[in-house]
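**Student:** can't give you the sequence, but here's the structure:
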C-alpha cells in the first residue's frame, strides 16, 4: 500500500457520518430556535445557532462540496423564514460551509481548542460577509459594532463547545 492509498484510507476514516434525520432536524431546530426564542428572551438573540450547526457539520464531514450544499440549504431556509431578502444568508452560510470544510482538511476538528477558535472565527467571518453583502447587494448601511460582535463571538464559541459535544453523540458508529 503506497502513501496515496494510505492517505485516502485515513481520510475516509476521519469523515464523520450522521443519520439523514440528524442532518435535517439539527439545522431546522436551530433555525426555529433563532426565530422564536429571542421573542421571549431577548438575550438568546445573540446566539447564531444555524451558523454553529453549519460550522460543525462542515468540519466533521470534511468535504468542501458538502459544506457548500449544507451551508446554502441552511442559509436559504433561514432567508425564507425571516424578513431578510432571499439569498443573503444563503450566500454567507455557503461561504462559511465551504471554508469550514476546507479548514477541516488541514486541522483536527475534534480538538476542543480548534473548536473554540473555529466558533469564534466563523462568527466574525459570518458577520463581516453579511455586512459586505448587505452593503454591496442591497445598498443598505449597517453599523459595525466591533465590541458587540466580539462579545457575541465569544458567547457563540462558548455555546458551540457543548453543542458540538452533543452533536458528537449523534454520530453514526
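**Tutor:** Happy to help now that I have it. Model, not experiment: these values are computed from the prediction.

**Student:** next helix or strand past the longest helix along the chain?
**Tutor:** With residue count as the measure and DSSP state H as the assignment, the chain has helix 112-137 as its longest helix. Following helix 112-137 in sequence order, the next helix or strand is helix 146-168 (DSSP states H and E).

**Student:** which helices and strands sit right next to that following helix?
**Tutor:** Packing partners of helix 146-168 (3 or more Cβ pairs under 8 Å, 6 or more residues apart in numbering; DSSP states H and E): helix 49-61, helix 112-137. Glycine gets a C-beta too; all of them are placed from N, C-alpha and C.

**Student:** Report the rounded mean pLDDT for the longest one.
**Tutor:** The average pLDDT within helix 112-137 is 93.

**Student:** Next: stretch 18-34.
**Tutor:** 91.

**Student:** The helix or strand of the chain with the lowest mean pLDDT: what's the following helix or strand?
**Tutor:** Taking all helices and strands of the chain together, the one with the lowest average confidence (mean pLDDT, DSSP states H and E) is helix 3-14, at a mean of 54. Proceeding C-terminally, helix 3-14 gives way to helix 20-40 as the next helix or strand, assigned by DSSP H and E.

**Student:** What lies in contact with that following helix?
**Tutor:** Contacts of helix 20-40 with the rest of the structure, by Cβ atoms under 8 Å, 6 or more residues apart in numbering, involve 44-45, 47-50, 52-54, 57, 70, 73-74, 77-78, 81-82, 167, 170.

**Student:** same deal with stretch 157-168?
**Tutor:** The set of residues external to stretch 157-168 that reach it, using Cβ under 8 Å, 6+ apart, is 22, 26, 47, 49, 52, 55-57, 60, 110, 112, 115-120, 123.

**Student:** Then stretch 55-71?
**Tutor:** 11, 14-16, 18, 23, 26-27, 54, 93-105, 109, 115, 118-119, 122, 160, 163-164, 167, 171.

**Student:** which of the residues in it are buried?
**Tutor:** Residues of stretch 55-71 classed as buried: 55-64, 66-68, 70-71 (neighbour count, 16 or more other Cβ atoms under 10 Å).

**Student:** Work out the gap between that stretch and the centre of the chain.
**Tutor:** Its chain's average C-alpha position is 9 Å from that of stretch 55-71, according to Cα atoms, centre = their mean, to the nearest Å.
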